[in-house]
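Peer 1: Take a look and give me a structure for this.
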Amino acid sequence: MASTFSTPATKLIQPPSLNFSPTPTTNRTSRSPIKSLFHPLKNHNHKLRLNKCNSAPSHGQSTTVVAVSDTVKKPKSTPTLPNLLITKEEGLELYEDMILGRYFEDMCAQMYYRGKMFGFVHLYNGQEAVSTGFIKLLKQQDSVVSTYRDHVHALSKGVPARAVMSELFGRTTGCCRGQGGSMHMFSKEHNLLGGFAFIGEGIPVATGAAFTSKYRREVLKEDDCDHVSVAFFGDGTANNGQFFECLNMAALWKLPIVFVVENNLWAIGMSHLRATSVPEIWKKGPAFGMPGVHVDGMDVLKVREVAKEAINRARRGEGPTLVECETYRFRGHSLADPDELRDPSEKSHYATRDPITALKKYMFDNNLVSEAELKAIEKKIDELVEEAVEFADSSPHPPRTQLLENVFADPRGFGIGPDGKYRCEDPKFTEGTAHV
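Peer 2: Alright, predicted model coming up:
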């Protein structure tokens, strides 16, 4: 199978032989795409061409949709492909995981507007190809660090839907016993090291997890420890200091980590092209001595092939990779966002590139599955999500005493009164504050 690193929809900062009409180069030597990918310090002449845009589109104005992948000439479709990118079993696994993410988030929207969830809730609709493409290639021992848009990352990593839904409902059966909520999913069992509300905070945690893996292997001589860490974050985070500091540290120590930028083109209401002087985030990798890769984040098969190479590279001890997945969120920044800043033509353009529809079409075109098989998966997931809601809604709320757990090493003096009882059990403890 040809590596996806040589496909038209993927761009590298190294100069392998690619088919995507870059700026012409001269005296190019012939080499395999994979070897070229992992020479991050090689000089390069490829230029990523962006449509010029000096300002973000204002509401109601008609503008040209700006997308990195749109600047690339796509090959004409062929009736049959001699080398399939996935097997039937792999295709069904990917489809089920993406459907789970989509159905779960759609249900979250319903529950939020019914008053079952509180606070900010950020949905992942449209970005499923990134989570599925990367996480379904990981081992249970591999670590994932997420952002405030973390529900689907948790599901892909194996956290049960009922545990995620219960956490969103603030119940004791949630993966964090109801104390984390939407933006702070965590599961030690599944090595989900947290969703993080503030952008950039999770990157150092993921880097630390990668260092732990390397330390266990090289210092503690645990030869079977080849665990990889994957850090997910958005385009806005790529302008923060933690991002650059951790790229430097990971490259310097050759840590087994993959930095995954989920570039959905908008940081809340700020257009990516207005916020970043060099909008091609993948170019920042080679500045620190690691490969930088751009991939179409609306195509799970392309994401998966890039992920496979980056994860295997980290597992072999060859160091980190920066992957920019160009994707798009189908909903507003959060469920409290009326989503009036993005141009309607931009949203409709990406709606036609739904990653689930694309995977479904690929499998049908290559006779991998039948309509009945996919319908069976959809019915199964629909029932699973319904059951998760029923389970969450019937689960108990945390007791007041849980307020002081995981907060203080010793709650005496604050949480425990002179009589030795928890002060939060006093009916007047929350007097004058929001109901607990």
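
Peer 1: what's the domain layout of this structure?
Peer 2: By the assignment in automatic domain parsing, the chain contains the domains 4-16+83-394, 399-436.

Peer 1: Quickly compare those domains and say which is most buried.
Peer 2: Greatest average neighbour count among the domains of the chain goes to domain 4-16+83-394 (a mean of 20), per mean count of other Cβ atoms under 10 Å. The C-beta positions use only the backbone N, C-alpha and C, and glycine is treated the same way.

Peer 1: any chance of the domains of the chain in CSV, with mean pLDDT too?
Peer 2: Listed next are these as CSV, based on pLDDT from 0 to 100:
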stretch, mean pLDDT
domain 4-16+83-394, 94
domain 399-436, 68
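
Peer 1: After the helix or strand harbouring residue 323, which helix or strand is next?
Peer 2: Assigned by DSSP states H and E, residue 323 belongs to strand 321-326. Under the assignment DSSP H and E, the closest C-terminal helix or strand after strand 321-326 is helix 344-351.

Peer 1: Mind listing residues that contact the strand holding residue 323?
Peer 2: 67-69, 129-130, 133, 247, 258-263, 265, 280-282, 284-285, 290-298, 303, 306-307, 309-310, 313-314 (Cβ atoms under 8 Å, 6 or more residues apart in numbering).

Peer 1: Which of these fall in strands?
Peer 2: Residues of the contacts of strand 321-326 located in strands (DSSP state E): 258, 259, 260, 261, 262, 263, 292, 293, 294, 295, 296.

Peer 1: Tell me the spacing between the first one and residue 158.
Peer 2: Distance of residue 258 to residue 158, given as Cβ to Cβ, to the nearest Å: 18 Å.

Peer 1: do the same with the second one
Peer 2: Here residue 259 is placed at a distance of 22 Å from residue 158 (Cβ to Cβ).

Peer 1: Likewise for residue 338?
Peer 2: Distance, residue 338 to residue 158, using Cβ to Cβ: 34 Å.

Peer 1: what's across from residue 144 in the sheet?
Peer 2: In this entry, residue 144 is beta-bridged to residue 192, residue 230, by DSSP bridges.

Peer 1: Isn't it up against residue 131?
Peer 2: No. Using Cβ atoms under 8 Å, residue 144 is not in contact with residue 131; the gap is 9.1 Å.

Peer 1: excluding its backbone neighbours, what's nearest residue 307?
Peer 2: residue 134 (4.4 Å; Cβ to Cβ, 6 or more residues apart in numbering).

Peer 1: residues touching the one you found, list them.
Peer 2: 230, 232, 258, 260, 303, 304, 307, 311.

Peer 1: do that again at 10 Å, thanks
Peer 2: Going by Cβ atoms under 10 Å, 6 or more residues apart in numbering, residue 134 touches 142, 144, 153, 156, 230, 232, 258, 260, 262, 300, 303-304, 306-308, 310-311, 323, 325.

Peer 1: Also residue 224?
Peer 2: Contacts of residue 224 by Cβ under 10 Å, 6+ apart are 141, 216, 217.

Peer 1: Check the gap between the last one and residue 289 for me.
Peer 2: I take that to be residue 217. In terms of Cβ to Cβ, residue 217 sits 21 Å off from residue 289.

Peer 1: cool, residue 111 as well?
Peer 2: With the distance defined as Cβ to Cβ, residue 111 ends up 46 Å from residue 289.

Peer 1: again with residue 400
Peer 2: Remark: distance between residue 400 and residue 289 (Cβ to Cβ) = 52 Å.
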